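S.K.: A structural model of the following input is requested.
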Amino acid sequence: MKRVVWISLILIYSQNWAQQKVTNKLYQATLSVLLSHSVPEISINKAQQQVENTLFLDARELKEYQVSHIPNAKHVGYDSFNLNKVSEVSKEQPIIVYCSVGYRSEKIAKKLLDIGYTNVSNMYGGIFEWVNNNHTIVKQTHKTDSIHSYNKIWGKWITNKEIVKVYH
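M.R.: Reported below is the predicted structural model:
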């Protein structure tokens, strides 16, 4: 059923994307279908308030992270993720995992919870929603307005940053 809804949303989106910007409703509908909501979720605004005392883990691939990321985020990847990347992190440490929209980060957050991490959340809407809410992203340590769009379809969700067209 999820696949049917997802495919329907993609078809509707692809028919209208050249004529109008994607609405927040369609974006939210896509996220509700795409994510399984199997781990605790945190909103972008609440995550931003916790930037100082929380470890942010970036579950995107390295080439995405290298274009930009949330300040002080640690890259852990998705395809390349292994538990050694977080072995030095306390199991009680507050952790927020993110990716482009929340799908990959949800899977990584689940793995962390399954091995005993106790304070892990998935950032709902991912880095795309983070930049759409005008929160800072960096390349290395310098502020940037560029973001990796993952692919042509997903890049349409980014509304106010320069999209780097290096697709997955």
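
S.K.: What segments of the protein are strands?
M.R.: 41-42, 55-58, 74-75, 95-98, 120-123, 137-139, 142-144, 146-148, 162-164 (DSSP state E).

S.K.: same for the first one, what does it pack against?
M.R.: Where contact means 3 or more CB pairs under 8 Å, 6 or more residues apart in numbering; DSSP states H and E, strand 41-42 is packed against strand 120-123. Just so you know, the C-beta spots here come from the backbone N, C-alpha and C atoms, and that holds for glycine as well.

S.K.: Tell me which strands the strand it packs on pairs with, and in which orientation.
M.R.: strand 41-42 (parallel), strand 95-98 (parallel) (DSSP bridges).

S.K.: Among those, which comes closest to residue 126?
M.R.: Nearest of the strands paired with strand 120-123 to residue 126, taken as CB to CB: strand 95-98 at 5.1 Å.

S.K.: export that closest one as CSV, just CAs?
M.R.: Taking C-alpha atoms only, strand 95-98 is exported to CSV below (Å, rounded to 0.1, in the frame of the first residue of the first chain):
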residue,chain,number,x,y,z
ILE,A,95,21.9,11.9,19.5
ILE,A,96,20.0,13.3,16.5
VAL,A,97,20.4,11.4,13.3
TYR,A,98,19.6,13.1,10.0
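
S.K.: Provide the contact partners of it at residue level.
M.R.: The contact list for strand 95-98 (CB atoms under 8 Å, 6 or more residues apart in numbering) reads 42, 47, 50, 54-59, 70, 73, 76, 89, 105-106, 108-109, 112, 117, 119-123, 126-127, 130.

S.K.: of those residues, buried ones?
M.R.: For the contacts of strand 95-98, a burial check counting by 16 or more other CB atoms under 10 Å picks out 42, 47, 54-59, 70, 73, 76, 105-106, 108-109, 112, 117, 119-123, 126-127, 130.

S.K.: Now do residue 80 against residue 87, distance only.
M.R.: The gap separating residue 80 from residue 87 is 15 Å, by CB to CB, to the nearest Å.

S.K.: what about these two, which has more around it?
M.R.: Counted by other CB atoms under 10 Å, residue 80 and residue 87 do not tie: residue 80 has more neighbours, with 10 against 7.

S.K.: Show the low-confidence segments of the chain, by residue range.
M.R.: Along the chain, the model assigns pLDDT under 70 to residues 1-31, 33-34, 160-168.

S.K.: can you list the domains in it?
M.R.: Domain assignment of the chain by automatic domain parsing yields the ranges 1-34, 38-164.
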